[in-house]
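> Sequence and predicted structure, then a few things I'm wondering about:
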Amino acid sequence: MAMLPVPYVMQSCGLSIEAFESGKSGKMVPSSFINLDSKQKAVYGHLREPLKRISYDRHMLRATASSDVSAVKTSEVVVATYRFWMEVDGYVKVLVIKKSNNRYGLYVEVESSQLCEGQGELIMVWGLFRADSTSLMGLNSQQSSADSKCSTTETPFVKDSVELDFEESLAPFYVSFLLKSNLRSLTIKSHRNTNFIVPVGFSSGRPSPLGISFLHDGSINFAIFSRNAESVVLCLYADTVSEKPALEINLDPYVNRSGDIWHALIHCSEPFVSYGYRCRSATGDKEHHVLLDPYAKVIEDFGLNLPQKCLGKLCKEPAFDWGGEFPLGLPMEKMIIYRLNVTQFTGDKSSKLPSDVAGSFSGVSEKLHHFKSLGVNTILLQPVFSFDEQKGPYYPWQFFSIASLYGPSGDPTTVAKSMKEMVKTLHANGIEVLLEVVFTHTSEFSALREIDNSSYYSIKGGDDLKSRNALNCNHPVVQQLILESLRYWVIEFHIDGFCFVNASSLATGSQGELLSRPPLVEAIAFDPLLSKVKLVADSWDLQNDEAEEIMFPHWKRWAEMNAMFCVDVRNFVRGQGLISELATRLCGSGDLFLGGRGPSFSFNYVTKNSGLTLVDLVSFSSVELESQSSWNCGEEGPTNKTVVLETRLKQIRNFLFILFVSLGVPVLNMGDECGQSSGGSPAYADRTLLDWKALRSGFGIQVSQFISFLSSLKIRRSDLLQNKSFLKKDNIEWHGADQSPPKWDDPSCKFVAVTLKGDPVIISGSPNMHGDLFVAFNSGDHSEKVSLPPLADGATWVCLVDTSLAYPGFFSMDGLPIEDGSETYEMKSHSCTLFEARGCSE
């Protein structure tokens, strides 16, 4: 006899698995009786007699009537109760029993007035299966389905009931059965004309939380979303070498599905090590791969011949001792950021770290002194999620797990621990940790496509790679996935904030249309947990290598990577663009961050992890690099010409100087401090490992020291350079070279200067003044004689920076006083200067 497929067979009909609610007294009481028609009430009216309640997956369920109690011994536990309507009048009642001798029992009882009227002996025809109802199991743990020549067993009813007994080691499995009457050759099935199907060793489980969760009794709950799958198969592996699962359980759509979430609770004690799912579509005309759970926290590459390669590990995340560590909570205006790639930062042998530390989170911790020497107090990590290693970290295929290459051994729990140790070490030294995250697209290897393509991905009408892999971020299910991922990294890894790459796509709908109030962006902004960390929108589209600028909806909580700062500063430094555009960026980009935010929401940069590096920005400017706004200073690529090399060095100093004296948060990029080059290539794939020997070169030493100086200056003069709010009109005055008004709209003008005036501060009961700052910028190819603003008696201008001077004299915290009576200062071409007003006693 052929058994019917599970999806069409198993349903708890009429009276099965009824939830109870907790009453005020603390006892469990039934929430309601089932709605029955008059005929059903006549048959089942006696069930409203006193009931015995049992526990099932933490829900209280209505049990059998008192007459059933004799079937269960006091040492046995009823783990589930099912009732099925029959196609004839009546129902079948089934108890799944956990016995004390490591066995399962099944108690089946029939209640039917029609079958009691001379139908003859009643027989139960049954068999066991797991994933395929046509492939039956043997009746002991050693017997395979291939050995089971007799596909079914016939067991007669005794006094309207049947009791079956199974080894616990067989579980989990399904019992599939139907009834026969030998008198009239009558075959009795469910009211849907299908076999009766009962799970043993597992149960319905819960739809929440998604992923896996471990119960106190050792059982494991599995839950996965899929709206469009016709069936879902839970695949369990017993070891790390087998390509095929040791056990596959076809989840029943009537018992193991709530809405669009498939779920199961596994009770068996067999030591499975990993899991995945097969999601079968309606067509069923292609191979169904074993897929990684999108919510898996611990994953591992088992080396299997699978498209995804990785499976979720069936283990709890080990506890981590944070040792009293607490969030630093740095104000955004105080942040000085260093962006790095974990592998590239210490992966080179020049880092002189052991092989198991180099290129890992532990390697970042080992280079703590480098961050301190530069004066940075925040590091921004490039994406650390599991990713397509052929394309790089900006192509993730999972959002809860860490890429194994960032750890010492590749073991997922060890990698996670090393990341937590890194965060703990950095926090203890006053350094926050931000993560770059990519939630707008996935790699081709993501399991989301086969789990539910139409829910997870946008439908934009295009068939190119970008369109196919674009996530539908504002779909409720994708939104939930992203929110839970972000919360996980904050809670479990104490991450201080996130930079969202390709953020403009977070504000679009499924058809690519721009949303005025994108649900995901708003949900993050007002989330009780996430709204308290740093949120940075980066509109850089890595697939097109350009920033897609939009008016990003911010709700006064979102900061932004300021691409316009990068463009305008590059244009000014190479001698193009209006001086008014530079002035706007120096003052905190009020054109972008007015309306409730301020300059601290502007994350300023001149280079980033794609595009030209800082040294390449002043060394290459071919036609192919037109979008980079670069200038080679007179000769393309490497050169030995002194004039060209001196100009390039000045330009590098100018970029760093403008970055730090501008209002906003400066973002440095790994390698710029030591002249890291990609040979003029803007491609991210051409970035190389950081050369630590270059840091000890003459160039590396002077640039690193200059960055350290600028960091200290920004902190010391935080009254003018680290403002949370825009400067008031009285605090700022613009000049031309001769103190005349600047020529804002003259494209030929290459010079602008500004006096930043400090507010009076009360010290020891008497007013005192922070010294004014005078800053001048000359991007022209000729010198400018600059008139310095007059000062009060007893004060003098001290030159702190002149980027045209030779090292080490081009910067000094003590400064070089201007000669008595001198009212002018000669600025060389392509240079910047900074003066501070000081009294005679200073």
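Arrived safely.
> Please tell me how far stretch 267-274 is from the chain's geometric centre.
Put simply, stretch 267-274 sits 29 Å off its chain's centre (C-alpha atoms, centre = their mean, to the nearest Å).
> Pull it out as PDB, backbone CA atoms only.
What follows is stretch 267-274, C-alpha atoms only, in PDB (Å, rounded to 0.1, in the frame of the first residue of the first chain):
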ATOM      1  CA  HIS A 267      13.000  16.000  21.300                       C
ATOM      2  CA  CYS A 268      15.400  13.200  20.300                       C
ATOM      3  CA  SER A 269      18.800  12.800  22.000                       C
ATOM      4  CA  GLU A 270      20.800  11.800  18.900                       C
ATOM      5  CA  PRO A 271      23.900  14.000  18.700                       C
ATOM      6  CA  PHE A 272      23.300  15.900  15.500                       C
ATOM      7  CA  VAL A 273      26.000  18.600  14.800                       C
ATOM      8  CA  SER A 274      24.500  20.800  12.100                       C
END
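> Where do the strands of the stretch 301-450 of the chain begin and end?
Using DSSP state E, counting those that start in this stretch, the strands of the stretch 301-450 of the chain run over 310-313, 337-340, 378-381, 432-437.
> mean pLDDT for these: which is lowest?
Of all the strands of the stretch 301-450 of the chain, mean pLDDT reaches its minimum on strand 310-313 (a mean of 90).
> and for that strand, what are the contacting residues?
211-212, 237, 273-276, 290, 292-293, 296-302, 304, 386, 398, 412 (C-beta atoms under 8 Å, 6 or more residues apart in numbering). In short, each C-beta sits where N, CA and C put it, glycine included.
> Out of those, which end up buried?
Buried subset of the contacts of strand 310-313 (neighbour count, 16 or more other C-beta atoms under 10 Å): 211-212, 237, 273-276, 290, 292-293, 296-300, 302, 304, 386, 398, 412.
> Using CSV, please lay out the strands of the stretch 301-450 of the chain together with mean neighbour count.
Listed next are those as CSV, based on neighbours: other C-beta atoms under 10 Å:
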stretch, mean neighbour count
strand 310-313, 25
strand 337-340, 22
strand 378-381, 25
strand 432-437, 22
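> So which of those strands is nearest V423?
Nearest to V423 among these is strand 432-437; the distance by C-beta to C-beta comes to 5.2 Å.
> ok, residues contacting the closest one?
Identification of contacts with strand 432-437 by C-beta under 8 Å, 6+ apart yields 328, 330, 335, 337, 339, 377-385, 399, 422-423, 426-427, 486, 489, 494-501, 534, 536, 538.
> let's see 6 Å
For strand 432-437, contacts defined as C-beta atoms under 6 Å, 6 or more residues apart in numbering pick out 328, 330, 378-383, 423, 426, 495-501.
> same deal with stretch 422-431?
Contact with stretch 422-431 is made by 325, 361, 364-365, 368, 371, 377, 433, 494, as judged by C-beta under 6 Å, 6+ apart.
> any idea which of those is closest to W744?
Distance to W744 across the contacts of stretch 422-431 (C-beta to C-beta) is lowest for N377, with 35.3 Å.
> Quick check: pLDDT value at that closest one.
Model confidence at N377, expressed as pLDDT, equals 98.
> what sits against it?
So N377 contacts 336, 430-431 (C-beta under 6 Å, 6+ apart).
> hmm, back to that, from the contacts of stretch 422-431, list just the buried residues.
When the contacts of stretch 422-431 are checked for burial by 16+ other C-beta under 10 Å, the buried set is 361, 364-365, 371, 377, 433, 494.
> From those, pick the one nearest I579.
N377 (31.6 Å).
> shaky segments in the stretch 601-750 of the chain?
Along the stretch 601-750 of the chain, segments meeting pLDDT under 70 are nowhere present.
> ranges for the strands of it?
Going by DSSP E, counting those that start in this stretch, the stretch 601-750 of the chain shows strands at 602-604, 665-669, 732-735.
> so can I have a markdown table of those showing mean neighbour count and distance to S831?
Output for the strands of the stretch 601-750 of the chain, formatted as a markdown table (neighbours: other C-beta atoms under 10 Å; distance: least, C-beta to C-beta, whole Å):
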| stretch | mean neighbour count | distance to S831 |
| --- | --- | --- |
| strand 602-604 | 25 | 20 |
| strand 665-669 | 25 | 20 |
| strand 732-735 | 17 | 16 |
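> Would you reformat the strands of the stretch 301-450 of the chain as a markdown table and include distance to K608?
Output for the strands of the stretch 301-450 of the chain, formatted as a markdown table (distance: least, C-beta to C-beta, whole Å):
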| stretch | distance to K608 |
| --- | --- |
| strand 310-313 | 30 |
| strand 337-340 | 7 |
| strand 378-381 | 10 |
| strand 432-437 | 10 |
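> what bridges to V198?
V175 (DSSP bridges).
> Could you check how far the spatially closest residue to S258 that is not a sequence neighbour is from L520?
Take S258 and drop its neighbours on the chain: the residue closest to it by C-beta to C-beta, 6 or more residues apart in numbering is P207, 4.2 Å away. Per C-beta to C-beta, to the nearest Å, P207 is found 22 Å from L520.
> Fine by me, thanks again.
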